[in-house]
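Novice: How does the following fold in three dimensions:
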Amino acid sequence: MKAVQYTAFGTPDVLRWQDTDDPIPDAGRVIVRLEAAGLNYADVYRREGRFTPAGPAPWIPGMEGAGTIADPGPAGAAAGFAAGRRVAWCDNPNSNAERVAVEIGRLIPLPETVTARTAASVLLQGLTAHYLVHDSHPVRPGDWCVVHAAGGGVGLLLTQMIKRRGGRVIGVASTAEKQQAALDAGADAAIGRTGWVERVRAIARHGADVVFDSVGTTILESLAATRDRGRVVYFGMAGGEPPAVPPSLLMDRSLTLTGGDLWNVLTTPVERRKRAAELFSWIADGTVRPRIARVFALADVAEAHRYLESRAAIGKVLLVP
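Specialist: Just a heads-up that it's a prediction; the model follows:
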């Protein structure tokens, strides 16, 4: 088979589409014929060496994908995952390949209403948005919610889920195109980064009930945009490491600063499949609409990485064999 591989960290030029050995099923994994893979910033960070890949080089990037089971092996068949079954996953390594060995516990069955491309475009980012609005800050009707990077993959899905729960959304995005995408997703207002704290306070008179911050460097501004007794949910650092937050700042205004990480939520196969099924039901009823920015061939993976790093993408970037 062919797979994306790299043997050293660096720019997208280190990525190669080349022949490698086929994976084989074992006691805990099935073999899936890949139909679509989701490209995420975590893939960029691993390629750069900021996240260390497991095992020795060469490494195959990718954690998220969807396809059809080609070889379930005895363990897969015993677990109910027969050959031909359509499945997806969001946290299984070596996914940028024609055939992927996927841990049985990470498999998510796909309903007939969800295509492989839709699944690969929504699982990682959609399940992130899901826990943010249900666990990190259970959004209530009328809540004013600020969403950073509102034109990105997580931001667009998060906006739709907040609206589904009756919240109000102020999207913060870097370009007019991304601001319009946030409005199209249901945001009540969309603003740029310049003077955004003052603009939030002008829209939500006493400040936001919650700010969902995936930028990191904006943490202090996010706290300033929040009402007394409000909350900031920090779940990413796309802009870099966040500054230190003095505890007295939280005490003086009774603020809450909490963190969020998907892998502390998807702790069991039952949990991931239950949340994914709910996400898929929202796609089926039209209240959540994934947006695909561009689709690249796996052979053009370097170009796809460059596009993602350009910050031009509005929605999800996909890779297909």
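
Novice: The longest strand along the chain: what's the following helix or strand?
Specialist: If each strand of the chain is counted by residues according to DSSP state E, the longest one is strand 29-39. Going down the chain from strand 29-39, the next helix or strand is helix 41-48, by DSSP states H and E.

Novice: Now do that following helix: which elements does it pack against?
Specialist: Counting contacts by 3 or more C-beta pairs under 8 Å, 6 or more residues apart in numbering; DSSP states H and E, helix 41-48 packs against helix 301-309. (C-beta placed from N, C-alpha, C; glycine too.)

Novice: In CSV, list the C-alpha atoms belonging to the helix it packs on.
Specialist: Coordinates of each C-alpha in helix 301-309 appear next as CSV, following Å, rounded to 0.1, in the frame of the first residue of the first chain:
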residue,chain,number,x,y,z
VAL,A,301,-0.3,16.1,1.6
ALA,A,302,2.5,18.7,1.7
GLU,A,303,0.2,21.2,-0.2
ALA,A,304,-2.6,20.4,2.3
HIS,A,305,-0.3,21.2,5.2
ARG,A,306,0.7,24.5,3.7
TYR,A,307,-2.9,25.4,3.1
LEU,A,308,-3.9,24.6,6.7
GLU,A,309,-0.9,26.6,8.1
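
Novice: which residues are contacting the helix or strand that that helix is followed by?
Specialist: Sequence-wise, the next helix or strand downstream of helix 301-309 (DSSP H and E) is strand 316-320. For strand 316-320, the surrounding residues in contact (C-beta atoms under 8 Å, 6 or more residues apart in numbering) are 35-39, 62, 96, 117, 120-122, 125, 153, 290-298, 301, 304, 307-308.

Novice: go again using 6 Å as the cut-off
Specialist: With contacts defined as C-beta atoms under 6 Å, 6 or more residues apart in numbering, strand 316-320 is touched by 36-37, 39, 120-121, 153, 292-296, 298, 304, 308.

Novice: neighbouring strands for it, and are they parallel or not?
Specialist: Under the criterion DSSP bridges, strand 316-320 sits next to strand 29-39 (antiparallel), strand 292-297 (parallel) in its sheet.

Novice: is it possible to export the ones you listed to a markdown table including mean pLDDT and mean neighbour count?
Specialist: Listed next are the strands paired with strand 316-320 as a markdown table, based on pLDDT from 0 to 100; neighbours: other C-beta atoms under 10 Å:
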| stretch | mean pLDDT | mean neighbour count |
| --- | --- | --- |
| strand 29-39 | 98 | 25 |
| strand 292-297 | 97 | 17 |
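
Novice: any idea which element Gly142 lies in?
Specialist: In the assignment (DSSP H and E), Gly142 maps to no helix and no strand.

Novice: Could you check how far it is from Glu309?
Specialist: According to C-beta to C-beta, to the nearest Å, Gly142 and Glu309 sit 38 Å apart.

Novice: again with Leu220
Specialist: On the measure of C-beta to C-beta, Leu220 and Glu309 end up 26 Å apart.

Novice: Counting neighbours, what do you get for Trp144?
Specialist: 25 (other C-beta atoms under 10 Å).

Novice: ok, now which ones touch it?
Specialist: Listed by C-beta under 6 Å, 6+ apart, the contact set of Trp144 reads Arg168, Ala204, Ala208, Asp209.

Novice: Which parts of the stretch 101-250 of the chain are helices?
Specialist: Here the stretch 101-250 of the chain has its helices, by DSSP state H, counting those that start in this stretch, at 116-131, 153-164, 176-184, 196-203, 219-225, 247-253.

Novice: Next, format these as CSV and append distance to Gly236.
Specialist: Converted to CSV, the helices of the stretch 101-250 of the chain look like this (distance: least, C-beta to C-beta, whole Å):
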stretch, distance to Gly236
helix 116-131, 9
helix 153-164, 8
helix 176-184, 16
helix 196-203, 17
helix 219-225, 11
helix 247-253, 20
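
Novice: Reformat these as CSV; add mean pLDDT, distance to Trp89 and mean neighbour count.
Specialist: Below are the helices of the stretch 101-250 of the chain laid out as CSV (pLDDT from 0 to 100; distance: least, C-beta to C-beta, whole Å; neighbours: other C-beta atoms under 10 Å):
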stretch, mean pLDDT, distance to Trp89, mean neighbour count
helix 116-131, 98, 7, 24
helix 153-164, 97, 17, 26
helix 176-184, 98, 27, 19
helix 196-203, 98, 36, 17
helix 219-225, 98, 31, 22
helix 247-253, 97, 37, 11
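
Novice: Point out the one among those helices that comes closest to Gly286.
Specialist: Distance to Gly286, taken as C-beta to C-beta, is lowest for helix 153-164 among these, at 10.1 Å.
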